[in-house]
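Asker: Quick one, structure for this:
(2 chains)
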Amino acid sequence: MSSTTELLKGAAELFPGEVVTQAHVRHLDLPFGAGRFALITLDNGLDHTKPTTFGPQSLANLDAAIDQVEKEAADGTITGIGLTGKPFIFAVGADLKGVELLSRHEDALAIGKGGHDVFRRLSGLAVPTFAYYNGAAMGGGVEVGLHCSYRTVSKALPAFSLPEVFLGLVPGWGGCALLPNLIGADRAVSVIIENSLNQNRQLKGKQVFELGIADALFEGADFLEQSLIWTANVLKGSVSVERAEVDRGDAWDAAVARGRAIADSKVHGAAPAAYRALDIIAAAKDGDLSAGFDAEDQALADLIMGGELRSGIYAFNLVQKRAKRPAGAPDKNLARPVTKVGVVGAGLMASQLALLFLRRLEVPVVLTDIDQERVDKGVGYVHAEIEKLLGKGRINQDKANRLKGLVSGVLDKAEGFADADFVIEAVFEEIGVKQQVFAEVEAVAPAHAILATNTSSLSVTEMASKLKNPERVVGFHFFNPVAILPLLEIVRGEQTDDASLATAFGVARKLKKTAVLVKDAPAFVVNRILTRFMGEIQNVIDEGTPVEVAEKAVEPLGLPMSPLVLLELVGPAIGLHVSETLNRSFPERFTVSQNLAAVVKAGKRGFYVYDSGAPVLDPEVAALLKQGDTVLTEEQTRDRVLDAVAQEIGLMLDEGVVAEAQDIDLCLITGAGWPFHLGGITPYLDREGVSQRVNGKPFLAQGVASVPA
Amino acid sequence: MPRTIRDVVFVDGVRTPFGKAGPKGIYHETRADDLVVKAIRELLRRNPDLDPKKIDEVAIAATTQIGDQGLTLGRTAGILAGLPQSVPGYSIDRMCAGALTAVTSTAGSIAFGAYDVVVAGGVEHMGRHPMGEGVDPNPRFVSEKLVDESALFMGMTAENLHDRYPTITKQRADEYAVRSQEKAAKAYANGKIQQDLVPVSVRRTNAEAGETGWGLVTADEPMRPGTTLESLAGLKTPFRAHGRVTAGNAAGLNDGATASLLAAEDVARELGLPVKMRLVSYAFAGVEPEVMGYGPIPATEKALAQAGLSISDIGLFEINEAFAVQVLAFLEHYGIADDDARVNQYGGAIAYGHPLASSGVRLMTQLARQFEEQPEVRYGLTTMCVGFGMGATVIWENPNFDGGNK
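Answerer: Numbers count the residues shown, from 1 in each chain, chains lettered A, B, ... in the order given. This next block holds a predicted model:
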């Protein structure tokens, strides 16, 4: 038994639930008399909805297949070896479920080494090896191909990536060492670091070829045939493969520096994976692959045993799995069909909502407002956006005609909503106004119509309280920009019934939003946490800590923007308004910053000026600030802010605002852009000991987003 | 409106290798429409001067037009093959003469001026669609004795043809079959066949059928080189006790697809497309369904009469070998020797297989190759028998004809 076999056998025992990939070896005659060829097909025996992955037994199967072809190659009975996947899938890398189970450093090391030991054999056989990327290829799937002598890729390939850094790993089965040596460090940094940290951006087949990862590109309809014909030509020497020379000079160092700048801008040093990957890329400059592979093994083992990877996998499971089965949503079958939508209000938010409903539901959407001019403006906005989509080629003329024909505006609600199944209001945030609007809608809309409110802070229950049928009112809270942020907080009022709620979830699914069920509590989830978070930053500033110290203190959280930049984006006046609202509900925890009030009163729309490009505190704002004399360090500031956030989340869970801490993280990732690699916030709070300090217990059981016991 | 009949030419023809129908066959896990797609794409790849936009029609034949052979295959296969959406397509059926009829129908339309360039071909995946799948013959056929009960069983019609030609013995049929296998093996050895085959990738998940995973088919699966009279002698006669028709002297049950490119001759010249054969005449004829193998004889009579030719003008024959007896009956009728060198020079369907509606274009592709090699021949003929008592014949002229004897 070889050491690899033993290594994989040991690893397999730790992962009894592996979906095992077979490595089928089949022989064929290449065209043009190019000889007998062994083609290995990676296939887990399931359809394309269950992509092929590599766990320890799968690697052992590939190892055994390589044993067979290695011998045939040495004996001279075959002239080449190929590797491809089942229909639509090449291979999507390591089975993460197996990685989640690992709790010892040596087991983690074995996974890295096991993959390397098997894959690298493909570069040391007596005949050339070919990878045919026929379909989705990710992580270890990409890497196994990188060990081959040549690669082809299908134009129909929809997704190709090294997503490890995105999850909190490094491409550790050869990716970090091989890719820069194949396509140069700069392009490798784009694939390994830049794409990964941009929400795991995927490459298409054509880009894989253009980057030089694949040597030939063929259409999907006869990809494998053309790849094998090409292979025959390569083996016979009638096609020669030319690759661009890799620049091993300053360009290599510049690429690594560019990678570090990207990592800094995305994770601010708070997650180690990108930096570990860059270290290996930097070292790979000398072309010493063995050293590179050893470094990959170490990095993989360290990262698997670190909390960041577990947070990344946790976040991945939240958005891939939990988001598709919202906790607490009622039976789908209770949902009523929605064939016409009414929108009350024709302002910017209402118009954005109208556009979204129109594009996703493709049903008539009617806007109403208090005067014709506003109605016309709202409809005009939607028409203009449709034109933009047409101009960009995102929709064709027929679709544009259809969408424009579906949107209309009327002054008379009775005319507009008489046959609507779903009416959403986006009028001024004032409970009396909203109650009035719903009363008017109820008078004219059918009895079954859902009345939805886009309120961000008012009580849904109170809004429904004066209606004849309060059970059909739901909160439908979108996040700005509506077209981009996936989160939709669906708020159940005290009297909301299951059918209405099911209809709301059904609509959310069609809108392609990540719906989270939220109790009717002040400011729901995202705004409540953000307001508590911002409030604590403001408290610290108001008490005397310099603005730049406070801002820098939370950089390790890897937020998409600093707190004050976010407040500028939201608008200081709105931020102030929300803090006042929450202050009324929870005066002991939510303060109203007098400095913020002063900024708003002075009519300032922001805190910074950007004359030099970088943000500089606006001198006029600085002049308004009245600070105390308690100056905290960054660390002290961070502790205070995190303590506040941990306390608030703990209270929200106690109140039952959402089902579980997982929903809090899902909301923060999809509604506020909080970082994936930290798993939102609760895994970070647990790991840093904040949850224990503040609440006496972690938010998540060990193993959920951390190394299991 | 004045109208000029235009000459129609056979520009090119390709096919997939043929497979054996059934769970162990090479195409058992391959869709029929995919076979058509591979053939069409190969045709386009081989003729890069042809802008696919210029294709006016895609006519694809299949006998059993359901499932992956349904959904108006000419249209769907065109889209799947990556042809522009502006190129229309349709399906066509005349059982075994499906692809041949796809050629003649579109050729007629080219001559009429409706089309300039067309794709015509056929497919039959007899593994996925066994003969007779889903058929529902009208009971009047039998109750009113419109046809004999044997008419629907091709093997029985072949036995009936033996009855009509008592001199065509099982021995002669077997000898013919052995020669077909020999000629096919020789054609393979000389590389005559492979040049018009498109390799097809095939997946196998059933380990009982052989090595699993993806493979590549580059050769016909049904061929049995080395077949001897002795090995044929012992085969069963499944269609009649002590009969003459066996699996050895008939074509098998097969999977495969063909595609050809036809054009108006002036258009082909203008576009720089090759001209491999020029269409002279075509004809179809009906006979008693229970001796359907007789069909090529009256069809050929009609086609020759139209062209003003006699059988002695024909220098090369490509006769579909549904059954050896059906070829022998044709030869006997015209007084041609069983082993005449003009007949099926590369062997025939007994060796390569006969995926029903695809076979017509195989005959043409092989005749076109023979024309290239034999410029002394002016005219050639492709003919086949068709279920329910029909025959189909197309006469072609060799554009390479050098004015020699024939």
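Asker: pLDDT weak spots in the chain?
Answerer: Answering for chain A, as no chain was given. Across chain A, the ranges flagged by pLDDT under 70 are A:1.
Asker: hm, I was asking about chain B
Answerer: Within chain B, the ranges that satisfy pLDDT under 70 run B:405-406.
Asker: Closest approach to chain A from it, which residue is it?
Answerer: Scanning chain B for the residue nearest chain A gives B:Gly213, at 3.1 Å (criterion: CB to the nearest CB). For every residue, glycine as well, the C-beta is placed using N, CA and C.
Asker: so that residue touches A:Leu28, yeah?
Answerer: No: assessed by CB atoms under 8 Å, B:Gly213 is found out of contact with A:Leu28, at 9.8 Å.
Asker: List, one by one, the residues from chain B near chain A.
Answerer: Near chain A, the residues belonging to chain B are B:37-38, B:41, B:80-82, B:198-201, B:203-205, B:210-216, B:218-219 when assessed by CB under 8 Å from any CB of the partner chain.
Asker: Show me the common contact partners of B:Gly213 and A:Leu28, please.
Answerer: With contacts taken as CB atoms under 8 Å, 6 or more residues apart in numbering or on different chains, the residues that reach both B:Gly213 and A:Leu28 are A:Leu39.
Asker: related to what we said a few turns ago, hey, what's the residue of chain B closest to chain A bridged with?
Answerer: Taking DSSP bridges as the rule, B:Gly213 bridges to B:Arg204.
Asker: Show me what the helix or strand hosting B:Glu175 is packed up against.
Answerer: Here B:Glu175 is covered by helix B:170-189, with elements defined by DSSP states H and E. For helix B:170-189, the contact count by 3 or more CB pairs under 8 Å, 6 or more residues apart in numbering or on different chains; DSSP states H and E identifies helix B:229-233, helix B:324-334, helix B:349-352 as packing neighbours.
Asker: Highest mean neighbour count out of those?
Answerer: helix B:349-352 (a mean of 30; mean count of other CB atoms under 10 Å in any protein chain shown).
Asker: Whatever helix or strand comes next after it versus helix B:170-189: what angle between them?
Answerer: Using DSSP H and E, the helix or strand that follows helix B:349-352 in sequence is helix B:359-373. With axes from the mean of the first three to the mean of the last three CA atoms, to 10 degrees defining the directions, helix B:359-373 sits at 60 degrees from helix B:170-189.
Asker: Just the buried residues of helix B:359-373, please?
Answerer: Neighbour counts using 16 or more other CB atoms under 10 Å in any protein chain shown place B:359-371 of helix B:359-373 among the buried residues.
Asker: Stretch A:456-470 now?
Answerer: Here stretch A:456-470 shows A:456-461, A:463-465, A:467, A:469-470 as buried, counting by 16+ other CB under 10 Å.
Asker: now these as a markdown table including distance to B:Gly387 and secondary structure?
Answerer: Output for the buried residues of stretch A:456-470, formatted as a markdown table (distance: CB to CB, whole Å; DSSP: H, G, I helix; E, B strand; the rest coil):
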| residue | distance to B:Gly387 | secondary structure |
| --- | --- | --- |
| A:Ser456 | 73 | coil |
| A:Ser457 | 77 | coil |
| A:Leu458 | 77 | coil |
| A:Ser459 | 77 | coil |
| A:Val460 | 71 | helix |
| A:Thr461 | 75 | helix |
| A:Met463 | 74 | helix |
| A:Ala464 | 72 | helix |
| A:Ser465 | 78 | coil |
| A:Leu467 | 73 | coil |
| A:Asn469 | 68 | coil |
| A:Pro470 | 72 | helix |
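Asker: contacting residues for the residue in the stretch 51-200 of chain A positioned nearest to chain B?
Answerer: Proximity to chain B, evaluated over the stretch 51-200 of chain A using CB to the nearest CB, is greatest for A:Thr84 at 5.8 Å. By CB under 8 Å, 6+ apart, the contact set of A:Thr84 is A:39-42, A:90, A:131-132, A:134, A:224, A:227, B:214.
Asker: where does it land in three-state SS?
Answerer: Secondary structure state of A:Thr84, per DSSP: H, G, I helix; E, B strand; the rest coil, is strand.
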